[in-house]
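J.: sequence first, then the predicted structure, then my questions.
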Amino acid sequence: MMPTDVALQWPPAPLPWQEGIYQRLCRADRAGKLPHALLLSGASGLGKAQLAHAFATGLMCNETSPEPCGHCESCGLMKAGSHGDFRWLAPEEGKRAIGIDAVRAAVGFVQKTAAYGTRKVLLIEPAEAMTAQAANALLKTLEEPPGSSVILLVSSQAGALIATVRSRCQSIVVAPPGPDQAQEWLMAEANCAPDQASQALTLADGRPVAALNLMTTGEVAGLAELSAVFDRVLSGGMDSSEAAQALGQYDHGVLLELALHSLDKDLRRGALVGANPAGFRCRDRLQALLAAHQRGINFARDTLPAEVARLLAQQRVQGM
């Protein structure tokens, strides 16, 4: 499977704010010190999948440089998605979880002898989509991977992974770029004006790939309206019942992510800090709901908007 949330190009390359991490991984590979299991974590919408795909393609490349050449036989197979020594494990179409059978099959793939070279690469994204049973099935392979195989885990919610998986990987956190770099990249990718890029980045909480997706799908205006609803609830200008009705039209994942973003803005402004911890309890609850949604748990269409509206309105009253 190829990444779906990144700006695709060939040969794949890291995004500008990932260059330092990418070069560090390449140096480790050249020195023979690359860990057998890596966990690339950070917020969603930063292009972590593109970083992992670029590095995996370089590991598969027939040339001596860790960076992919883009034209050798191995790179050609990677481009076609048919390289026998590389597997991208993700939820099946229409599902949000990675089950134990899929992980067992991936483990079997890693244990087989490489067909094209000396190394096999398994990329799991999003790693937090693995069920607990699936994650446990991966543990022994993470601890003692066969041969020179490399396992890359990509996660936007590393805390949702079981601790034993995290402890067996070298963790690398992908941080968001600075505002200037993010805006410059987004303007170039979306061919847009500075004010358009700024609005999309604000809605995406500074995450450039997420902002690009918003602009590409035409969701900026709708999410600006959704953000305005949250701001009104947090400021006391809209009650929870009115807000619940306004929120009912939105996708649950979008609803929860933007609710967290709006709450974080309020917390950063200091409106609730020092009054009482209600805002942080609300944030914990919203994160738990988002994690449940991403694991495939479905909520009744009207239930979740009402709960989000109630949480935001309640913490505002308690935090005053």
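T.: Everything's here; your move.

J.: shaky segments in the stretch 1-150 of the chain?
T.: 1-9 (pLDDT under 70).

J.: domain map for the chain?
T.: Following automatic domain parsing, the chain resolves into domains at 16-173, 219-319.

J.: how far is the first one from where the chain is centred?
T.: Averaged C-alpha coordinates place domain 16-173 at 14 Å from its chain's average position (C-alpha atoms, centre = their mean, to the nearest Å).

J.: first to last residue in that domain, what's the distance?
T.: 15 Å (C-alpha to C-alpha, to the nearest Å).

J.: just the buried residues of the host helix or strand of residue 310, please?
T.: If you go by DSSP states H and E, residue 310 is part of helix 303-319. For helix 303-319, the neighbour count (16 or more other C-beta atoms under 10 Å) marks 304-313, 315-316, 319 as buried. Any C-beta I mention is one placed from the backbone N, CA and C, and that applies to glycine too.

J.: got it, and stretch 147-154?
T.: 149, 150, 151, 152, 153, 154.

J.: mind giving me the packing neighbours of the helix or strand harbouring the last one?
T.: Going back to what we said before, that points to residue 154. Secondary structure from DSSP H and E places residue 154 in strand 150-155. Judged by 3 or more C-beta pairs under 8 Å, 6 or more residues apart in numbering; DSSP states H and E, strand 150-155 is in contact with strand 37-41, helix 48-60, strand 121-124, helix 132-143.

J.: now that strand against strand 37-41, angle please.
T.: 20 degrees (axes from the mean of the first three to the mean of the last three C-alpha atoms, to 10 degrees).

J.: need the contact partners of the next helix or strand after strand 150-155.
T.: Heading C-terminal from strand 150-155, the first helix or strand you meet, by DSSP H and E, is helix 163-167. By C-beta atoms under 8 Å, 6 or more residues apart in numbering, the residues outside helix 163-167 that reach it are 39, 127, 135, 136, 138, 139, 142, 153, 158.

J.: and after helix 163-167, which helix or strand comes next?
T.: strand 170-173.

J.: got the contact list for that next one?
T.: Outside strand 170-173, the residues that reach it (C-beta under 8 Å, 6+ apart) are 21, 25, 35, 37, 38, 39, 40, 41, 42, 158.

J.: ok, and for that strand, which residues are buried?
T.: Those would be residue 172, for strand 170-173 by 16+ other C-beta under 10 Å.

J.: residue 82: neighbouring residues, count only.
T.: By other C-beta atoms under 10 Å, the residues close to residue 82 number 9.

J.: quick one, what contacts it?
T.: By C-beta under 8 Å, 6+ apart, residue 82 has no neighbours at all.

J.: just to be sure, it is in a strand?
T.: No. According to DSSP: H, G, I helix; E, B strand; the rest coil, residue 82 belongs to no strand; its state is coil.

J.: against residue 73, how distant is it?
T.: 11 Å (C-beta to C-beta, to the nearest Å).

J.: all helices of the protein, in order?
T.: 19-30, 48-60, 73-80, 100-111, 132-143, 163-167, 179-190, 194-203, 208-217, 220-235, 240-247, 252-268, 278-294, 303-319 (DSSP state H).

J.: can you say which of those is packed in most?
T.: Mean neighbours per residue, mean count of other C-beta atoms under 10 Å, is largest over those for helix 48-60, with a mean of 25.

J.: what's it packed up against?
T.: For helix 48-60, the packing partners by 3+ C-beta pairs under 8 Å, 6+ apart come out as helix 19-30, strand 37-41, helix 73-80, strand 86-89, strand 121-124, strand 150-155.

J.: only C-alpha atoms, please: export the strand holding residue 154 in CSV.
T.: Provided in CSV are the C-alpha atoms of strand 150-155 (Å, rounded to 0.1, in the frame of the first residue of the first chain):
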residue,chain,number,x,y,z
VAL,A,150,14.0,-3.6,9.5
ILE,A,151,10.5,-2.9,11.0
LEU,A,152,9.2,0.7,10.8
LEU,A,153,6.2,1.6,12.9
VAL,A,154,4.5,4.9,12.1
SER,A,155,2.1,6.3,14.7
